[in-house]
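Participant: Got a sequence here, can you build the structure:
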Amino acid sequence: MQTRTLYDWFRTSARLHPDNVAIEVTSDALTYAELRAATQRLSADMRRMLGRSPRRVGLLTSRSLVGYIAYLAALRLGATVVPLNPANPAARNLAIADEATLDLVVVDDSSGDGLAEFRAQTTVTLLDLTGEGWRGFLVPGEATEVPPAVERGRDDFAYIIFTSGTTGKPKGVPATHANVDSFLTEVITRYRFRPGSRVSQTFEFCFDGSILAMFGAWGTGATLCVAQRGDVLTPVRFINTKRLTHWLSVPSLISFAKRLRALAPDSMPTLRLSSFGGEPLTIKQVNDWTAAAPNTAVINCYGPTETTVIVTAYEVPADPSARIESSNRSVPIGDIYPHLDYVLLDEELRPCDDGELCVRGKQRFPGYLDPTENAGRFVSFDGNRGRLYDGTGPLTAQHWYRTGDRIRREFGELIHQGRIDHQVKVRGNRVELAEIEAAMRAHADVAEAVVLTVAGADGELDLHAVYTGAALSDDDLTRLVGHLPSYMRPRVFHHRAEIPLTEVDKVDRKRLTSELLATRG
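Facilitator: Below is the predicted model:
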(Lines give C-alpha, C1' and ligand atoms only; values in the text may rest on other atoms or scores of the structure.)
Protein backbone atom coordinates (compact mmCIF):
# COMPACT_ATOMS: atom_id res chain seq x y z
CA MET A 1 0.00 0.00 0.00
CA GLN A 2 1.31 3.46 -0.90
CA THR A 3 2.51 5.58 2.01
CA ARG A 4 0.21 8.46 2.85
CA THR A 5 1.81 11.71 3.89
CA LEU A 6 0.57 13.49 6.96
CA TYR A 7 -1.21 16.02 4.74
CA ASP A 8 -2.82 13.16 2.75
CA TRP A 9 -4.62 12.03 5.90
CA PHE A 10 -6.24 15.44 6.26
CA ARG A 11 -6.83 15.99 2.52
CA THR A 12 -8.73 12.70 2.16
CA SER A 13 -11.09 13.58 5.02
CA ALA A 14 -11.62 17.07 3.57
CA ARG A 15 -12.70 15.47 0.33
CA LEU A 16 -14.96 12.84 1.94
CA HIS A 17 -16.44 14.97 4.75
CA PRO A 18 -16.29 18.62 3.62
CA ASP A 19 -19.21 19.73 5.79
CA ASN A 20 -18.09 18.06 9.02
CA VAL A 21 -16.63 20.39 11.63
CA ALA A 22 -12.86 19.84 11.57
CA ILE A 23 -11.72 22.06 14.43
CA GLU A 24 -13.07 24.11 17.31
CA VAL A 25 -10.83 26.61 19.12
CA THR A 26 -12.59 28.72 21.76
CA SER A 27 -15.55 30.27 19.87
CA ASP A 28 -14.20 29.53 16.37
CA ALA A 29 -15.22 26.47 14.35
CA LEU A 30 -14.26 25.49 10.80
CA THR A 31 -15.58 22.72 8.60
CA TYR A 32 -13.15 20.56 6.67
CA ALA A 33 -13.89 22.57 3.52
CA GLU A 34 -13.25 25.85 5.36
CA LEU A 35 -10.09 24.59 7.03
CA ARG A 36 -8.75 23.29 3.73
CA ALA A 37 -9.45 26.60 2.00
CA ALA A 38 -7.78 28.57 4.82
CA THR A 39 -4.80 26.21 4.60
CA GLN A 40 -4.50 26.84 0.88
CA ARG A 41 -4.61 30.63 1.31
CA LEU A 42 -2.02 30.60 4.10
CA SER A 43 0.25 28.32 2.05
CA ALA A 44 0.09 30.92 -0.73
CA ASP A 45 1.35 33.58 1.71
CA MET A 46 4.16 31.30 2.90
CA ARG A 47 5.32 30.68 -0.64
CA ARG A 48 4.99 34.33 -1.64
CA MET A 49 7.02 35.48 1.38
CA LEU A 50 9.95 33.16 0.58
CA GLY A 51 9.63 33.14 -3.21
CA ARG A 52 9.54 29.33 -3.01
CA SER A 53 8.06 26.56 -0.91
CA PRO A 54 9.64 26.36 2.56
CA ARG A 55 11.74 23.36 3.54
CA ARG A 56 11.29 23.52 7.33
CA VAL A 57 8.74 25.68 9.13
CA GLY A 58 8.88 26.53 12.82
CA LEU A 59 5.64 27.12 14.71
CA LEU A 60 6.05 29.43 17.70
CA THR A 61 2.37 29.13 18.56
CA SER A 62 0.17 27.67 21.29
CA ARG A 63 -3.42 26.43 21.01
CA SER A 64 -4.40 29.07 18.43
CA LEU A 65 -6.58 28.46 15.40
CA VAL A 66 -4.08 30.09 13.06
CA GLY A 67 -1.36 27.83 14.50
CA TYR A 68 -3.30 24.77 13.34
CA ILE A 69 -3.92 26.31 9.93
CA ALA A 70 -0.19 27.04 9.66
CA TYR A 71 0.66 23.44 10.59
CA LEU A 72 -1.43 22.15 7.68
CA ALA A 73 -0.21 24.87 5.31
CA ALA A 74 3.41 23.89 5.95
CA LEU A 75 2.62 20.23 5.32
CA ARG A 76 0.72 21.15 2.14
CA LEU A 77 3.87 22.79 0.78
CA GLY A 78 5.93 19.69 1.58
CA ALA A 79 7.70 21.34 4.52
CA THR A 80 8.78 19.65 7.73
CA VAL A 81 6.97 21.12 10.75
CA VAL A 82 9.17 22.03 13.74
CA PRO A 83 7.16 23.07 16.83
CA LEU A 84 8.75 25.69 19.10
CA ASN A 85 7.47 25.96 22.65
CA PRO A 86 6.29 29.50 23.56
CA ALA A 87 7.04 28.67 27.21
CA ASN A 88 10.72 28.12 26.40
CA PRO A 89 13.27 30.88 27.00
CA ALA A 90 13.99 32.66 23.74
CA ALA A 91 17.56 31.33 23.76
CA ARG A 92 16.31 27.75 23.63
CA ASN A 93 13.97 28.44 20.71
CA LEU A 94 16.74 30.29 18.90
CA ALA A 95 19.03 27.27 19.36
CA ILE A 96 16.34 24.93 18.02
CA ALA A 97 15.70 27.19 15.02
CA ASP A 98 19.42 27.11 14.24
CA GLU A 99 19.76 23.34 14.79
CA ALA A 100 16.73 22.63 12.59
CA THR A 101 17.90 25.07 9.85
CA LEU A 102 14.45 26.65 9.66
CA ASP A 103 13.68 28.93 6.74
CA LEU A 104 10.37 30.26 8.10
CA VAL A 105 8.89 30.72 11.59
CA VAL A 106 5.20 31.46 12.19
CA VAL A 107 4.42 33.71 15.17
CA ASP A 108 1.10 34.93 16.53
CA ASP A 109 -0.47 36.31 19.70
CA SER A 110 0.21 33.03 21.52
CA SER A 111 3.97 33.14 20.93
CA GLY A 112 4.84 33.92 24.54
CA ASP A 113 6.87 36.47 26.47
CA GLY A 114 10.04 35.56 24.62
CA LEU A 115 8.73 36.68 21.22
CA ALA A 116 10.35 40.12 21.32
CA GLU A 117 13.78 38.66 22.10
CA PHE A 118 13.33 35.89 19.53
CA ARG A 119 12.27 38.44 16.91
CA ALA A 120 15.28 40.65 17.67
CA GLN A 121 17.85 37.88 17.46
CA THR A 122 16.66 35.39 14.86
CA THR A 123 17.94 35.41 11.29
CA VAL A 124 15.02 33.26 10.12
CA THR A 125 12.20 34.84 8.10
CA LEU A 126 9.16 35.47 10.31
CA LEU A 127 5.58 35.15 9.14
CA ASP A 128 3.91 37.55 11.58
CA LEU A 129 0.29 36.60 12.26
CA THR A 130 -0.12 38.66 15.43
CA GLY A 131 -3.29 40.69 15.72
CA GLU A 132 -6.48 39.84 13.88
CA GLY A 133 -5.23 40.19 10.31
CA TRP A 134 -4.84 36.43 9.94
CA ARG A 135 -8.62 36.10 9.92
CA GLY A 136 -8.46 37.12 6.29
CA PHE A 137 -7.44 33.52 5.60
CA LEU A 138 -10.89 32.44 6.77
CA VAL A 139 -12.71 34.22 3.92
CA PRO A 140 -12.15 33.66 0.21
CA GLY A 141 -9.82 36.19 -1.41
CA GLU A 142 -10.74 37.80 -4.72
CA ALA A 143 -7.72 36.63 -6.66
CA THR A 144 -5.66 34.41 -4.38
CA GLU A 145 -3.39 32.25 -6.48
CA VAL A 146 -3.09 28.98 -4.59
CA PRO A 147 0.18 27.15 -5.21
CA PRO A 148 -0.02 23.44 -5.98
CA ALA A 149 0.50 21.06 -3.10
CA VAL A 150 4.03 19.65 -2.90
CA GLU A 151 4.11 15.88 -2.66
CA ARG A 152 6.63 14.14 -0.43
CA GLY A 153 7.99 10.61 -0.19
CA ARG A 154 7.89 8.02 2.55
CA ASP A 155 11.37 8.85 3.87
CA ASP A 156 10.91 12.63 3.97
CA PHE A 157 10.46 14.18 7.40
CA ALA A 158 6.89 15.06 8.43
CA TYR A 159 7.88 16.82 11.66
CA ILE A 160 10.79 17.22 14.07
CA ILE A 161 10.15 17.25 17.82
CA PHE A 162 12.94 18.53 20.06
CA THR A 163 13.23 16.67 23.36
CA SER A 164 15.38 17.35 26.40
CA GLY A 165 18.89 15.99 26.06
CA THR A 166 21.02 14.63 28.89
CA THR A 167 23.73 17.15 27.95
CA GLY A 168 21.30 20.07 28.24
CA LYS A 169 21.21 20.48 24.46
CA PRO A 170 17.80 19.74 22.88
CA LYS A 171 17.77 16.67 20.63
CA GLY A 172 15.91 16.82 17.32
CA VAL A 173 13.76 13.72 16.72
CA PRO A 174 12.46 13.53 13.15
CA ALA A 175 9.50 11.37 12.13
CA THR A 176 9.14 10.37 8.49
CA HIS A 177 5.85 10.22 6.64
CA ALA A 178 6.23 6.42 6.61
CA ASN A 179 6.66 6.41 10.41
CA VAL A 180 3.49 8.44 10.93
CA ASP A 181 1.49 6.54 8.30
CA SER A 182 2.20 3.24 10.09
CA PHE A 183 1.29 4.80 13.44
CA LEU A 184 -2.01 6.31 12.26
CA THR A 185 -3.04 3.14 10.43
CA GLU A 186 -2.71 1.26 13.72
CA VAL A 187 -4.19 3.72 16.22
CA ILE A 188 -7.19 4.98 14.25
CA THR A 189 -8.69 1.50 14.48
CA ARG A 190 -7.66 0.91 18.09
CA TYR A 191 -9.05 4.28 19.22
CA ARG A 192 -12.32 3.98 17.30
CA PHE A 193 -11.95 7.42 15.68
CA ARG A 194 -14.71 8.01 13.13
CA PRO A 195 -16.79 10.82 11.58
CA GLY A 196 -18.83 12.32 14.40
CA SER A 197 -16.17 11.72 17.05
CA ARG A 198 -15.25 14.78 19.10
CA VAL A 199 -11.61 14.56 20.17
CA SER A 200 -9.79 16.60 22.82
CA GLN A 201 -6.50 18.31 22.08
CA THR A 202 -4.85 18.88 25.44
CA PHE A 203 -1.27 18.81 24.13
CA GLU A 204 1.01 21.51 22.79
CA PHE A 205 2.53 21.01 19.32
CA CYS A 206 5.91 20.40 20.95
CA PHE A 207 4.56 17.23 22.61
CA ASP A 208 4.08 14.45 20.09
CA GLY A 209 0.83 13.33 21.70
CA SER A 210 -0.63 16.20 19.67
CA ILE A 211 -0.17 14.06 16.53
CA LEU A 212 -2.48 11.37 17.92
CA ALA A 213 -5.20 13.93 18.65
CA MET A 214 -4.84 16.03 15.47
CA PHE A 215 -4.53 13.35 12.87
CA GLY A 216 -6.58 10.75 14.68
CA ALA A 217 -9.39 13.28 14.27
CA TRP A 218 -8.41 14.72 10.87
CA GLY A 219 -7.67 11.28 9.44
CA THR A 220 -11.28 10.20 9.96
CA GLY A 221 -13.52 13.26 9.54
CA ALA A 222 -13.84 13.82 13.31
CA THR A 223 -13.80 17.15 15.17
CA LEU A 224 -10.67 18.32 16.99
CA CYS A 225 -11.60 20.34 20.09
CA VAL A 226 -8.63 22.39 21.28
CA ALA A 227 -8.42 22.93 25.03
CA GLN A 228 -6.94 26.16 26.31
CA ARG A 229 -4.69 25.98 29.35
CA GLY A 230 -7.52 26.66 31.77
CA ASP A 231 -9.65 24.00 30.09
CA VAL A 232 -6.95 21.36 30.60
CA LEU A 233 -7.03 22.03 34.33
CA THR A 234 -10.84 21.76 34.46
CA PRO A 235 -11.37 18.69 32.26
CA VAL A 236 -14.91 17.82 33.34
CA ARG A 237 -16.29 21.22 32.39
CA PHE A 238 -14.46 21.16 29.04
CA ILE A 239 -15.60 17.61 28.24
CA ASN A 240 -19.24 18.45 28.93
CA THR A 241 -19.17 21.84 27.19
CA LYS A 242 -17.68 20.28 24.06
CA ARG A 243 -19.63 17.01 24.32
CA LEU A 244 -16.40 15.09 23.83
CA THR A 245 -16.35 11.41 22.88
CA HIS A 246 -12.55 11.04 23.11
CA TRP A 247 -10.28 12.36 25.88
CA LEU A 248 -6.48 12.18 25.51
CA SER A 249 -4.15 13.44 28.27
CA VAL A 250 -1.52 12.58 30.84
CA PRO A 251 -2.76 10.78 34.02
CA SER A 252 -1.81 13.72 36.26
CA LEU A 253 -4.96 15.53 35.16
CA ILE A 254 -7.10 12.82 36.77
CA SER A 255 -5.46 13.46 40.13
CA PHE A 256 -5.74 17.21 39.63
CA ALA A 257 -9.47 16.97 38.89
CA LYS A 258 -9.93 14.66 41.87
CA ARG A 259 -8.27 17.19 44.18
CA LEU A 260 -10.74 19.79 42.93
CA ARG A 261 -13.57 17.36 43.72
CA ALA A 262 -14.65 17.61 40.09
CA LEU A 263 -15.00 13.88 39.35
CA ALA A 264 -18.56 13.42 40.55
CA PRO A 265 -20.19 10.09 39.61
CA ASP A 266 -21.66 10.05 36.08
CA SER A 267 -20.44 13.61 35.46
CA MET A 268 -18.97 12.87 31.98
CA PRO A 269 -21.58 10.73 30.18
CA THR A 270 -20.52 11.60 26.60
CA LEU A 271 -17.05 10.06 26.79
CA ARG A 272 -16.61 6.81 24.88
CA LEU A 273 -12.82 6.46 24.99
CA SER A 274 -10.16 7.94 27.27
CA SER A 275 -6.45 7.50 26.64
CA PHE A 276 -3.65 8.29 29.09
CA GLY A 277 0.10 8.22 28.59
CA GLY A 278 3.39 9.90 29.40
CA GLU A 279 3.32 8.83 33.07
CA PRO A 280 2.30 5.74 35.09
CA LEU A 281 -1.47 5.26 35.27
CA THR A 282 -2.75 3.78 38.53
CA ILE A 283 -5.82 1.66 39.22
CA LYS A 284 -7.05 4.35 41.60
CA GLN A 285 -6.92 6.92 38.81
CA VAL A 286 -8.78 4.55 36.46
CA ASN A 287 -11.47 3.89 39.07
CA ASP A 288 -11.91 7.60 39.80
CA TRP A 289 -12.16 8.44 36.08
CA THR A 290 -14.55 5.65 35.08
CA ALA A 291 -16.85 6.41 38.00
CA ALA A 292 -17.23 9.89 36.54
CA ALA A 293 -17.33 8.65 32.92
CA PRO A 294 -19.28 5.39 33.10
CA ASN A 295 -19.51 4.94 29.31
CA THR A 296 -15.82 5.28 28.53
CA ALA A 297 -13.24 2.67 27.66
CA VAL A 298 -9.78 3.45 29.07
CA ILE A 299 -6.53 2.90 27.18
CA ASN A 300 -3.14 3.14 28.85
CA CYS A 301 -0.51 3.84 26.22
CA TYR A 302 3.26 4.15 26.07
CA GLY A 303 5.85 5.32 23.58
CA PRO A 304 8.97 7.46 23.27
CA THR A 305 9.05 10.27 20.70
CA GLU A 306 11.73 8.27 18.87
CA THR A 307 9.22 5.52 18.09
CA THR A 308 6.51 7.88 16.76
CA VAL A 309 4.17 8.83 19.56
CA ILE A 310 3.04 5.50 21.06
CA VAL A 311 3.80 1.82 20.51
CA THR A 312 1.41 0.14 22.97
CA ALA A 313 -2.26 0.45 23.85
CA TYR A 314 -3.61 -1.53 26.80
CA GLU A 315 -7.38 -1.39 27.14
CA VAL A 316 -8.35 -1.61 30.81
CA PRO A 317 -11.15 -4.14 31.47
CA ALA A 318 -14.54 -2.49 31.89
CA ASP A 319 -15.28 -4.70 34.91
CA PRO A 320 -13.42 -3.21 37.90
CA SER A 321 -12.96 -6.67 39.43
CA ALA A 322 -11.02 -7.79 36.32
CA ARG A 323 -8.57 -4.90 36.36
CA ILE A 324 -4.90 -5.76 36.75
CA GLU A 325 -2.72 -3.93 39.23
CA SER A 326 0.96 -4.67 38.74
CA SER A 327 3.57 -5.09 41.45
CA ASN A 328 4.43 -1.38 41.22
CA ARG A 329 0.72 -0.47 41.42
CA SER A 330 0.52 0.82 37.85
CA VAL A 331 -1.73 -0.31 35.01
CA PRO A 332 0.01 -2.44 32.33
CA ILE A 333 1.06 -0.67 29.15
CA GLY A 334 -0.03 -3.66 27.05
CA ASP A 335 1.91 -5.29 24.25
CA ILE A 336 4.00 -3.73 21.50
CA TYR A 337 2.11 -3.15 18.24
CA PRO A 338 2.29 -6.21 15.97
CA HIS A 339 4.11 -4.38 13.15
CA LEU A 340 7.02 -3.62 15.51
CA ASP A 341 9.71 -5.79 17.10
CA TYR A 342 10.97 -5.46 20.65
CA VAL A 343 13.49 -7.01 23.00
CA LEU A 344 14.34 -6.48 26.69
CA LEU A 345 18.05 -6.24 27.47
CA ASP A 346 20.01 -6.45 30.71
CA GLU A 347 23.03 -4.31 31.57
CA GLU A 348 25.27 -6.59 29.48
CA LEU A 349 22.91 -6.20 26.50
CA ARG A 350 21.65 -9.77 26.73
CA PRO A 351 17.95 -10.61 26.20
CA CYS A 352 16.08 -10.97 29.50
CA ASP A 353 12.58 -10.81 31.00
CA ASP A 354 13.12 -7.60 32.96
CA GLY A 355 15.28 -4.93 31.36
CA GLU A 356 15.60 -2.00 28.99
CA LEU A 357 13.05 -1.96 26.17
CA CYS A 358 14.53 -1.76 22.66
CA VAL A 359 12.29 -1.30 19.60
CA ARG A 360 12.65 -1.45 15.84
CA GLY A 361 10.21 -1.48 12.94
CA LYS A 362 8.08 0.87 10.86
CA GLN A 363 7.62 3.49 13.58
CA ARG A 364 11.25 3.71 14.67
CA PHE A 365 12.70 7.09 13.73
CA PRO A 366 15.67 7.25 11.31
CA GLY A 367 18.08 8.73 13.86
CA TYR A 368 18.62 12.08 15.57
CA LEU A 369 18.90 15.25 13.55
CA ASP A 370 22.43 15.60 14.92
CA PRO A 371 24.01 12.23 13.96
CA THR A 372 26.51 12.47 16.82
CA GLU A 373 23.57 11.87 19.21
CA ASN A 374 23.02 8.38 17.73
CA ALA A 375 26.07 6.77 19.30
CA GLY A 376 25.06 4.53 22.18
CA ARG A 377 21.32 4.94 21.54
CA PHE A 378 20.98 1.95 19.18
CA VAL A 379 21.97 -1.67 19.44
CA SER A 380 22.42 -4.51 16.95
CA PHE A 381 22.98 -8.20 17.67
CA ASP A 382 26.04 -10.36 17.27
CA GLY A 383 24.74 -13.77 18.31
CA ASN A 384 22.84 -13.53 21.59
CA ARG A 385 24.48 -10.37 22.80
CA GLY A 386 23.79 -6.79 21.77
CA ARG A 387 26.43 -4.48 20.39
CA LEU A 388 26.12 -0.73 20.83
CA TYR A 389 26.08 1.44 17.74
CA ASP A 390 29.19 3.61 17.97
CA GLY A 391 28.11 6.28 15.50
CA THR A 392 30.17 4.95 12.60
CA GLY A 393 28.73 3.13 9.63
CA PRO A 394 25.13 3.18 8.45
CA LEU A 395 22.19 3.18 10.84
CA THR A 396 19.94 0.51 9.35
CA ALA A 397 16.46 -0.89 9.93
CA GLN A 398 18.11 -3.78 11.79
CA HIS A 399 19.20 -1.51 14.63
CA TRP A 400 17.02 -1.41 17.74
CA TYR A 401 16.36 1.91 19.48
CA ARG A 402 17.18 1.87 23.19
CA THR A 403 14.24 3.56 24.93
CA GLY A 404 15.87 3.99 28.34
CA ASP A 405 12.72 2.51 29.92
CA ARG A 406 12.79 -0.56 32.12
CA ILE A 407 10.01 -3.02 31.30
CA ARG A 408 9.02 -6.43 32.57
CA ARG A 409 6.17 -8.81 31.81
CA GLU A 410 3.51 -9.62 34.41
CA PHE A 411 0.11 -11.26 33.90
CA GLY A 412 1.02 -11.65 30.22
CA GLU A 413 1.33 -7.86 29.82
CA LEU A 414 4.21 -5.41 29.72
CA ILE A 415 4.69 -3.32 32.86
CA HIS A 416 6.59 -0.03 32.90
CA GLN A 417 9.11 -0.08 35.73
CA GLY A 418 10.47 3.44 35.36
CA ARG A 419 13.41 5.03 33.61
CA ILE A 420 16.80 3.39 33.54
CA ASP A 421 18.17 6.84 34.35
CA HIS A 422 15.93 6.99 37.45
CA GLN A 423 17.95 4.12 38.80
CA VAL A 424 20.38 5.78 41.21
CA LYS A 425 23.01 4.72 43.70
CA VAL A 426 22.50 5.76 47.29
CA ARG A 427 25.50 5.10 49.51
CA GLY A 428 26.68 2.43 47.09
CA ASN A 429 23.29 0.72 46.76
CA ARG A 430 21.33 0.63 43.53
CA VAL A 431 17.85 2.11 44.00
CA GLU A 432 14.83 2.24 41.67
CA LEU A 433 12.97 5.46 42.49
CA ALA A 434 9.79 4.02 40.94
CA GLU A 435 9.77 1.21 43.52
CA ILE A 436 9.73 3.70 46.39
CA GLU A 437 7.02 5.74 44.65
CA ALA A 438 4.92 2.58 44.29
CA ALA A 439 5.30 1.91 48.03
CA MET A 440 4.11 5.44 48.78
CA ARG A 441 1.07 5.11 46.51
CA ALA A 442 0.03 1.95 48.36
CA HIS A 443 -1.54 4.14 51.05
CA ALA A 444 -5.17 4.89 50.25
CA ASP A 445 -4.78 8.56 51.21
CA VAL A 446 -1.76 9.21 48.98
CA ALA A 447 -2.81 10.67 45.61
CA GLU A 448 0.60 11.18 43.98
CA ALA A 449 4.15 10.39 45.00
CA VAL A 450 7.50 11.47 43.55
CA VAL A 451 10.88 10.47 44.95
CA LEU A 452 13.90 12.66 44.25
CA THR A 453 17.58 12.60 45.09
CA VAL A 454 19.08 15.62 46.83
CA ALA A 455 22.72 16.04 47.80
CA GLY A 456 23.09 15.76 51.57
CA ALA A 457 25.43 17.70 53.85
CA ASP A 458 27.89 14.80 53.69
CA GLY A 459 27.99 14.90 49.89
CA GLU A 460 26.00 11.68 49.54
CA LEU A 461 22.58 11.51 47.91
CA ASP A 462 19.55 11.64 50.18
CA LEU A 463 16.11 10.43 49.13
CA HIS A 464 13.25 12.92 49.46
CA ALA A 465 9.64 11.79 48.98
CA VAL A 466 7.02 14.32 47.91
CA TYR A 467 3.38 13.32 48.10
CA THR A 468 -0.13 14.77 47.77
CA GLY A 469 -3.44 13.74 49.32
CA ALA A 470 -3.98 13.59 53.05
CA ALA A 471 -1.07 14.48 55.34
CA LEU A 472 0.19 11.29 56.99
CA SER A 473 1.64 10.95 60.46
CA ASP A 474 5.30 10.11 60.97
CA ASP A 475 4.28 6.64 62.13
CA ASP A 476 2.19 6.07 58.98
CA LEU A 477 5.07 7.16 56.76
CA THR A 478 7.50 4.92 58.60
CA ARG A 479 5.19 1.92 58.22
CA LEU A 480 4.58 2.73 54.54
CA VAL A 481 8.24 2.25 53.60
CA GLY A 482 9.14 -0.11 56.44
CA HIS A 483 9.31 -3.15 54.15
CA LEU A 484 12.00 -1.49 52.02
CA PRO A 485 15.71 -1.82 52.75
CA SER A 486 16.95 0.98 54.97
CA TYR A 487 18.89 2.62 52.13
CA MET A 488 15.65 2.88 50.11
CA ARG A 489 13.69 4.68 52.82
CA PRO A 490 13.37 8.44 52.17
CA ARG A 491 15.21 10.57 54.66
CA VAL A 492 12.65 13.38 54.33
CA PHE A 493 8.94 13.38 53.45
CA HIS A 494 7.25 16.49 52.03
CA HIS A 495 3.49 16.84 51.97
CA ARG A 496 2.22 19.27 49.33
CA ALA A 497 -1.14 20.38 47.99
CA GLU A 498 0.03 19.71 44.43
CA ILE A 499 3.05 18.60 42.45
CA PRO A 500 4.35 20.98 39.76
CA LEU A 501 3.94 19.95 36.14
CA THR A 502 5.86 20.82 33.00
CA GLU A 503 4.27 22.55 30.01
CA VAL A 504 3.27 19.11 28.70
CA ASP A 505 1.75 18.22 32.09
CA LYS A 506 4.37 15.72 33.22
CA VAL A 507 5.87 15.85 36.71
CA ASP A 508 8.43 18.65 36.73
CA ARG A 509 11.21 16.88 38.64
CA LYS A 510 13.74 19.62 37.97
CA ARG A 511 11.52 22.36 39.39
CA LEU A 512 10.49 20.20 42.32
CA THR A 513 14.13 19.53 43.21
CA SER A 514 14.92 23.25 42.99
CA GLU A 515 12.01 24.06 45.29
CA LEU A 516 13.18 21.50 47.83
CA LEU A 517 16.68 22.95 47.78
CA ALA A 518 15.32 26.49 48.20
CA THR A 519 13.18 25.39 51.15
CA ARG A 520 16.16 23.73 52.76
CA GLY A 521 18.09 26.96 52.37
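
Participant: is it true that residue 14 lies in a strand?
Facilitator: No: using DSSP: H, G, I helix; E, B strand; the rest coil, the assignment for residue 14 is helix, not a strand.

Participant: quick one, helices of the chain?
Facilitator: Along the chain, counting by DSSP state H, helices occupy 6-16, 32-50, 65-76, 90-99, 115-121, 177-190, 209-218, 229-232, 235-242, 252-259, 283-292, 433-441, 474-480, 509-520.

Participant: now those in JSON lines, with mean neighbour count?
Facilitator: Quick note: C-beta positions are derived from backbone N, CA and C, even for glycine. JSON lines is the format used below for those (neighbours: other C-beta atoms under 10 Å):
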{"stretch": "helix 6-16", "mean neighbour count": "20"}
{"stretch": "helix 32-50", "mean neighbour count": "21"}
{"stretch": "helix 65-76", "mean neighbour count": "27"}
{"stretch": "helix 90-99", "mean neighbour count": "19"}
{"stretch": "helix 115-121", "mean neighbour count": "15"}
{"stretch": "helix 177-190", "mean neighbour count": "21"}
{"stretch": "helix 209-218", "mean neighbour count": "26"}
{"stretch": "helix 229-232", "mean neighbour count": "15"}
{"stretch": "helix 235-242", "mean neighbour count": "18"}
{"stretch": "helix 252-259", "mean neighbour count": "20"}
{"stretch": "helix 283-292", "mean neighbour count": "20"}
{"stretch": "helix 433-441", "mean neighbour count": "21"}
{"stretch": "helix 474-480", "mean neighbour count": "14"}
{"stretch": "helix 509-520", "mean neighbour count": "13"}
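
Participant: so which of these gets nearest residue 497?
Facilitator: helix 252-259 (7.7 Å; C-beta to C-beta).

Participant: The closest one packs against which elements?
Facilitator: When contacts are defined as 3 or more C-beta pairs under 8 Å, 6 or more residues apart in numbering; DSSP states H and E, helix 252-259 packs onto helix 235-242, helix 283-292, strand 446-455.

Participant: Against residue 305, how distant is residue 356?
Facilitator: Applying C-beta to C-beta, to the nearest Å, the value for residue 356 to residue 305 is 17 Å.

Participant: Tell me where the model's unsure across the chain.
Facilitator: Scanning the chain for pLDDT under 70 picks out 1, 141-144, 164-168, 421-430, 457-460, 485, 503-505, 520-521.

Participant: Would you map out the domains in it?
Facilitator: 1-19+31-176, 340-418, 427-520 (automatic domain parsing).

Participant: Any figure for the gap between the residue lying closest to residue 340 once chain neighbours are set aside and residue 367?
Facilitator: Leaving aside its chain neighbours, residue 340 sits nearest to residue 361 (3.6 Å; criterion: C-beta to C-beta, 6 or more residues apart in numbering). From residue 361 across to residue 367, the span is 15 Å (C-beta to C-beta).

Participant: same question, residue 299
Facilitator: Distance of residue 299 to residue 367, given as C-beta to C-beta: 29 Å.

Participant: Equivalent analysis for residue 151, please.
Facilitator: 24 Å.

Participant: Which one of those two is surrounded by more residues?
Facilitator: residue 367 (20 against 10; other C-beta atoms under 10 Å).

Participant: residues contacting the more buried one?
Facilitator: Listed by C-beta atoms under 8 Å, 6 or more residues apart in numbering, the contact set of residue 367 reads 374, 378, 395.

Participant: Please verify my assumption that residue 125 contacts residue 97.
Facilitator: No: applying C-beta atoms under 8 Å, one finds residue 125 not in contact with residue 97, separated by 10.8 Å.

Participant: Are there residues contacting both of those two? Which ones?
Facilitator: The contact lists of residue 125 and residue 97 share residue 105, where a contact means C-beta under 8 Å, 6+ apart.

Participant: gap between the residue nearest to residue 340 and residue 398?
Facilitator: 11 Å.

Participant: who has more neighbours, those two?
Facilitator: Ranked by neighbour count (other C-beta under 10 Å), residue 361 and residue 398 place residue 361 first, with 20 against 11.

Participant: That one and residue 391, how far apart?
Facilitator: Here the criterion is C-beta to C-beta. By it, residue 361 lies 22 Å from residue 391.

Participant: With residue 482 instead?
Facilitator: 47 Å.

Participant: With neighbour numbers in mind, choose between those two.
Facilitator: residue 391 (15 against 10).

Participant: Can you verify my assumption that the more buried one contacts residue 368?
Facilitator: No: using C-beta under 8 Å, residue 391 is not in contact with residue 368; the gap is 10.5 Å.

Participant: what touches both of these two?
Facilitator: residue 374.

Participant: burial count for residue 302?
Facilitator: 24.

Participant: where's the nearest residue to it once chain neighbours are set aside relative to residue 413, distance?
Facilitator: Nearest in space to residue 302, with sequence neighbours left out and distances taken as C-beta to C-beta, 6+ apart, is residue 333 at 3.9 Å. Distance of residue 333 to residue 413, given as C-beta to C-beta: 7 Å.

Participant: neighbour count winner among the two?
Facilitator: When residue 333 is set against residue 413 and neighbours are counted by other C-beta under 10 Å, the residue ahead is residue 333, at 26 against 16.

Participant: any idea how far that one lies from residue 273?
Facilitator: 17 Å.

Participant: And residue 321, by the same measure?
Facilitator: Residue 321 is 21 Å from residue 273, by C-beta to C-beta.

Participant: Just want to know which of the two has more residues nearby.
Facilitator: residue 273 (22 against 5).

Participant: pretty sure that one is touching residue 245, no?
Facilitator: Yes: the criterion here is C-beta under 8 Å, and residue 273 meets it with residue 245 at 7.0 Å.

Participant: Residue 169: how many residues sit nearby?
Facilitator: 15.
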